[in-house]
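Participant: Here is a sequence with its predicted model. Questions after.
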Amino acid sequence: MKKAFVLIMLFAFDASAEPVNINKADAEAIAKALKGVGPKKAEAIVKYRKVHGEFKTLKDFENVKGIGEKTALSNEKDVLFSDSPVTAGKKVDLSKRSR
């Protein structure tokens, strides 16, 4: 019974999350919108953006210290790179990237 309640609560929480434009949002909005991203990682995202410019792809997003492939992929549908919702959840072939 407890497991069912927890699963219901998780689905309810995920459904309420709005995609966030990581090129414009402040750290608080980023931390609220993305799974696995707390205040420190959100600040790192904002700082990285100020130094390196806007994010264009999930690969760019992964360049932030503390954001790896797993975090990027789990937030793929919640990350916007522009004001257009078309970029939300845009598939990026991460298998062909160089490291």
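Facilitator: In hand now; what should we look at?
Participant: For residue 68, list the residues it contacts.
Facilitator: Applying Cβ atoms under 8 Å, 6 or more residues apart in numbering, we find residue 68 in contact with residue 62. Yep, even glycine has a C-beta here, placed from its N, CA and C like the rest.
Participant: Would you tell me what the next helix or strand after the helix-or-strand element of the chain with minimal mean pLDDT is?
Facilitator: When each helix and strand of the chain is scored by mean pLDDT, DSSP states H and E, helix 2-16 comes last, with a mean of 52. Using DSSP states H and E, the helix or strand that follows helix 2-16 in sequence is strand 20-21.
Participant: any low-confidence regions in the chain?
Facilitator: 1-17, 83-99 (pLDDT under 70).
Participant: what about the residue nearest to residue 52 when sequence neighbours are not counted, how many residues close to it?
Facilitator: Nearest non-adjacent residue to residue 52, counting by Cβ to Cβ, 6 or more residues apart in numbering: residue 63, 7.4 Å away. Each residue near residue 63 was counted by other Cβ atoms under 10 Å, and the total is 11.
Participant: Begin at 8 from now on, thanks
Facilitator: Sounds good: first residue 8 from here, last item residue 70.
Participant: Return the backbone torsion pair for residue 70.
Facilitator: Dihedral pair for residue 70: phi -70, psi -10, per degrees, to the nearest 10.
Participant: mind listing the helices for the protein?
Facilitator: Per DSSP state H, the chain carries helices over the ranges 9-23, 34-40, 46-59, 65-69, 76-81.
Participant: Tell me the spacing between residue 36 and residue 76.
Facilitator: Separation of residue 36 from residue 76 (Cβ to Cβ, to the nearest Å): 23 Å.
Participant: now residue 60
Facilitator: 21 Å.
Participant: Residue 87 now?
Facilitator: Note on residue 87: its distance to residue 76, by Cβ to Cβ, is 19 Å.
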